[in-house]
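Undergrad: With the input below, show me the fold.
(one chain, ligands or ions: 1)
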Amino acid sequence: MQNENLTIMNCHHCGFESEKNITTYTIDLGEVLVVIRRVPCYQCEHCGEIVYDADVFSNIEKIVNAAKTLKQEISIVDYKNVA
Ligand SMILES: [Zn+2]
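TA: Residues are numbered from 1 along each chain as shown. Just a heads-up that it's a prediction; the model follows:
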């Protein structure tokens, strides 16, 4: 039933299967707080641990780097508008 794609991930903490989900990624860089909404992720059903795949994570890094240059105190970005 869950074989429709091959991107099923297992939790790094407990080894349970992680399901596709959408989350809000927040990082506080001191001068800048970056909030990225609607980020695709995998979330463990067992412990709630969130994992991002490599593509998503590199997009997050790009968004965070772009937000740093804006020097706004808070940057709220919609993932879909950037990635
Ligand atoms: Zn887990």
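Undergrad: Show residues contacting the strand or helix carrying S58.
TA: Element membership of S58, judged by DSSP states H and E, is helix 54-70. Under the criterion Cβ atoms under 8 Å, 6 or more residues apart in numbering, residues 25, 27, 29, 32, 34, 36, 39-41, 52, 75, 77, 79, 82-83 lie in contact with helix 54-70. The way it works is simple: take the backbone N, C-alpha and C, and place the C-beta from them, glycine included.
Undergrad: who's in contact with V39?
TA: Counting by Cβ under 8 Å, 6+ apart, V39 has contacts I22, T23, T24, Y25, Y52, V56, I60, Y79.
Undergrad: Next, count neighbours for the last one.
TA: The number of residues packed around Y79, counting by other Cβ atoms under 10 Å, is 19.
Undergrad: before we move on, back to that, filter the contacts of V39 down to just the ones in strands.
TA: I22, T23, T24, Y25 (DSSP state E).
Undergrad: Determine which two of those residues are furthest apart.
TA: For the ones in strands among the contacts of V39, the farthest-apart pair by Cβ to Cβ is I22 and Y25; their separation is 10.4 Å.
Undergrad: Those two: which has the busier surroundings?
TA: More crowded of I22 and Y25, by other Cβ under 10 Å: Y25, with 20 against 11.
Undergrad: which secondary structure elements does the helix or strand bottoming out on mean pLDDT in the chain contact?
TA: The weakest-scoring helix or strand in the chain, judged by mean pLDDT, DSSP states H and E, is strand 9-10 (a mean of 84). Judged by 3 or more Cβ pairs under 8 Å, 6 or more residues apart in numbering; DSSP states H and E, strand 9-10 is in contact with strand 17-28.
Undergrad: for the strand it packs on, which positions count as buried?
TA: Going by neighbour count (16 or more other Cβ atoms under 10 Å), the buried part of strand 17-28 is S18, T23, Y25.
Undergrad: strands paired with it, and their directions?
TA: Using DSSP bridges, the strands paired with strand 17-28 are strand 9-10 (antiparallel), strand 33-44 (antiparallel).
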